[in-house]
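> return a 3D structure for these sequence lines:
(chains A, B, C and D)
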Protein chains: 2
Amino acid sequence: MSSSAALQQHASAKPQRVSIRDVAERAGVSIATVSRALNSGVEINPDTRAQVVQVARDLGYVASARGRGLVSGRTDSVGVIIGREHLPVFLNPFYGEVLGGIELELEARGLNLVLTSLKRDHQLLAFAAAQRVDGLLVIGHDLPVSTLRDMQRHLPLVLIDRHEEGLSAVTSEHRTACAQITRHLIVQGSTRLAFLAEDLGNPNFQQRFLGFQDALKEMGLSLRPDWVQEASPRLGGGYTAITRVLEAGDGVPDGVVGANDPVALEAIRALLDAGLKVPDDVQVVGFDGLPSRLHLMELTTMQIDRQELGRRAAHLLLETPDSPQHLELQPHFVKGDSSR
Amino acid sequence: MSSSAALQQHASAKPQRVSIRDVAERAGVSIATVSRALNSGVEINPDTRAQVVQVARDLGYVASARGRGLVSGRTDSVGVIIGREHLPVFLNPFYGEVLGGIELELEARGLNLVLTSLKRDHQLLAFAAAQRVDGLLVIGHDLPVSTLRDMQRHLPLVLIDRHEEGLSAVTSEHRTACAQITRHLIVQGSTRLAFLAEDLGNPNFQQRFLGFQDALKEMGLSLRPDWVQEASPRLGGGYTAITRVLEAGDGVPDGVVGANDPVALEAIRALLDAGLKVPDDVQVVGFDGLPSRLHLMELTTMQIDRQELGRRAAHLLLETPDSPQHLELQPHFVKGDSSR
DNA sequence: CTGTTAGCGCTTTCAG
DNA sequence: CTGAAAGCGCTAACAG
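Sure, this is the predicted structure:
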């Protein structure tokens, strides 16, 4: 509180903020006229308007978002909430690009983006209820669906990368996409396949795992339980996961499907360290399509258009805030150097 | 506007938002009492308070940020503006971590983070003047200093990674740090050094370049103009920059200083593609210390504590909003595999 | 076309 | 300790 107080002191220390009344007085009109002159729309004498606009500019007047919001009921800004599990949020390029897409859509309409990293559930609810924003985009999986529904009672809301009954969402398809890239591996000659999941508790990774199994079945291959390993989500998990596969005693896989790109890249590092060649000895594929110019290797992966994910979600929020909709985007195959 | 209107419709379609009056009525007290009960501080009958708190909870009442802000003059949120030149903002892990540090500091005080990517200068000024936030953190170099000063008249403001006379700032030191890492290269045996700048118009890169030259001079080496190349900031610039060095006809450098990590990594890629060995034939160092687990190689670099940059800036904004201060953080040397 | 007036939801004197 | 009332800055009827 002391901090906010400090910020506040500042404001009052400034040469008194100019209000609509100052402009009205100086322009010799009423505050209503000032309001009308500045919010184009109503008919008003062009000369009066020009005069008011001039005075407003001179005084550096800008309508207070608070005062305006109080009567209009709008804030002209949209909130974005990112799941706790994904922190540090900004380190994951995945979410960065999603935000970029959201920004794009909002900026086109002159709306502000308010980013709020996840606090306690009840704080989030309070945030929604306090009407600091006109709508909410939620990225990530760790909010209880009940909280989401509660928030939905206060504000329109769209989920990103997650789907819940009765709530709007934009997601990407995981299962057939993962089957597709697994098939690619098999077609290119791999028969002994390992799967590295970042977190099998996450529904999206579950779907990818199912797709992996679909492809195995379809191609007449069998699943080796020891070759399905979970990689702790912190950096480096893929390395130890593939190491466990190598140590399982079933020999060396000739194909590895990483549940996402970081896991796949870490696995490649481990394979190289173990003296294996990629893709000659082992083909490796990932999932997500993270920008990889600086990476160990150009990865074969399923590219998710993250910007589109954000754009669409913002669009849904703005255009159809009241009818729940579910959009599912299909990732597309990108051939890199980690597979043949 | 139609979009905002749509969001607005939603709000009004909802079961009328509960206001302080609803709580007062239901609790059988005045709105003043509700306000007092909920904003701990004033003395009030514990029973009354308990009663009010209970009713408020039942009704799911949360004070409107607008109404409260109008009278208190505060918004309890801090804005962050990121320079146009750094877009797409979120793709650069540098700024992501800074944001993380800011978040940390704000969260500890219950303040909200409002992220606004850069629009036109006058829009930014309007944003500041509209008092949507209590203070502003500005990351990046492309805002005219005059605009910054104008904004400063409306709000307290702290610059990050940039310094201007009379404005608060948190920056990192570039010159001696770059000299230090250049010296490392020389001590490890490099004598023919190239420098790859991302953008020599940027004062920070200029400082690094100066540091590079300081080290050369100090160690009795001379600067080859052809071996100072600018790398266009888009991904891949470092690749072509080092290629130009190789084609300059002066032979092959045995040491390369990249003005930042991406440029250095791209250069390594190009060197490897050209059949050279890193660090055996050519040592390469970067600057920034981006997380590199997934990269081509662990880079020797000067690590900037980006989170600290954000934390300190937020701290300055909150604690000393009125007296301009300048904090300079020193990067520290990190040895990787790209140098001996 | 423009001025007057009534709030938007809340906090904060000022009286009781 | 609590209620009444003023007013934060603005927009939107409602009169002129």
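> quick check: residues of chain A near DNA strand C?
Neighbours of DNA strand C within chain A, by CB under 7 Å from any atom of the strand: A:28-33, A:36, A:42-49, A:67, A:70-71. (Each C-beta comes from the backbone N, C-alpha and C, glycine too.)
> change it to 10 Å
With CB under 10 Å from any atom of the strand as the criterion, chain A meets DNA strand C at residues A:8, A:24, A:27-37, A:42-49, A:51-52, A:66-73, A:129-131.
> any quick PyMOL command for the buried ones out of these?
Buried members of the residues of chain A next to DNA strand C, defined by 16 or more other CB atoms under 10 Å in any protein chain shown, are picked up in PyMOL with:
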select buried, chain A and resi 24+27+29+33+34+35+36+37+48+49+51+52+66+67+68+69+129+130+131
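> and chain B, which of the residues of chain A next to DNA strand C contact it?
Contacts with chain B within these, counted by CB under 8 Å from any CB of the partner chain: A:8, A:66-67, A:69-70, A:72-73, A:129-131.
> and the residues you listed, which two are furthest apart?
The span of these, defined through CB to CB, is set by A:8 and A:73 at 25.4 Å.
> what about residue A:185, which SS state?
helix (DSSP: H, G, I helix; E, B strand; the rest coil).
> rewinding a little: which members of the residues of chain A next to DNA strand C are positioned in strands?
The strands, defined by DSSP state E, take in nothing from the residues of chain A next to DNA strand C.
> tell me who's in contact with residue A:317.
Applying CB atoms under 8 Å, 6 or more residues apart in numbering or on different chains to residue A:317 gives the contacts A:78, A:135-137, A:156-158, A:168, B:7.
> run a quick neighbour tally on the closest residue to residue A:303 other than its chain neighbours.
For residue A:303, ignoring the flanking residues on the chain, the nearest one in space by CB to CB, 6 or more residues apart in numbering or on different chains is residue A:289 at 3.1 Å. By other CB atoms under 10 Å in any protein chain shown, the residues close to residue A:289 number 23.
> on the three-state scheme, residue A:152 is what?
Classified using three-state DSSP, residue A:152 is helix.
> the residue nearest to residue A:303 and residue A:335 touch, don't they?
No. Applying CB atoms under 8 Å, one finds residue A:289 not in contact with residue A:335, separated by 11.4 Å.
> pLDDT of stretch A:64-75, averaged?
In this model, stretch A:64-75 carries a mean pLDDT of 90.
> with stretch A:31-40 instead?
In this model, stretch A:31-40 has an average pLDDT of 89.
> show me where chain A has its strands.
So, for chain A - with DSSP E - the strands run A:77-82, A:112-117, A:135-139, A:157-160, A:168-172, A:193-197, A:228-230, A:255-258, A:283-285, A:301-303, A:326-329, A:332-334.
> mean pLDDT lowest for which of those strands?
When I compare the strands of chain A, strand A:112-117 is least confident, with a mean of 81.
> near chain B, anything from that one?
Yes. Contact of strand A:112-117 with chain B (CB under 8 Å from any CB) involves A:112-117.
> from the chain's centre, how far out is stretch A:153-168? Work that out for me.
A distance of 14 Å separates the C-alpha centroid of stretch A:153-168 from that of its chain, computed with CA atoms, centre = their mean, to the nearest Å.
> export it as CSV, just CAs?
In CSV, the C-alpha atoms belonging to stretch A:153-168 read as follows (Å, rounded to 0.1, in the frame of the first residue of the first chain):
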residue,chain,number,x,y,z
ARG,A,153,-20.5,-15.0,-15.1
HIS,A,154,-18.8,-11.6,-14.8
LEU,A,155,-17.1,-11.3,-18.2
PRO,A,156,-17.0,-12.9,-21.6
LEU,A,157,-14.2,-15.3,-21.8
VAL,A,158,-12.3,-17.4,-24.4
LEU,A,159,-9.9,-20.2,-23.6
ILE,A,160,-6.8,-20.8,-25.6
ASP,A,161,-5.2,-24.2,-26.0
ARG,A,162,-7.8,-25.8,-23.8
HIS,A,163,-11.5,-26.7,-24.2
GLU,A,164,-14.2,-26.9,-21.6
GLU,A,165,-17.9,-27.6,-22.2
GLY,A,166,-20.0,-24.5,-22.6
LEU,A,167,-17.0,-22.1,-22.8
SER,A,168,-15.6,-20.6,-26.0
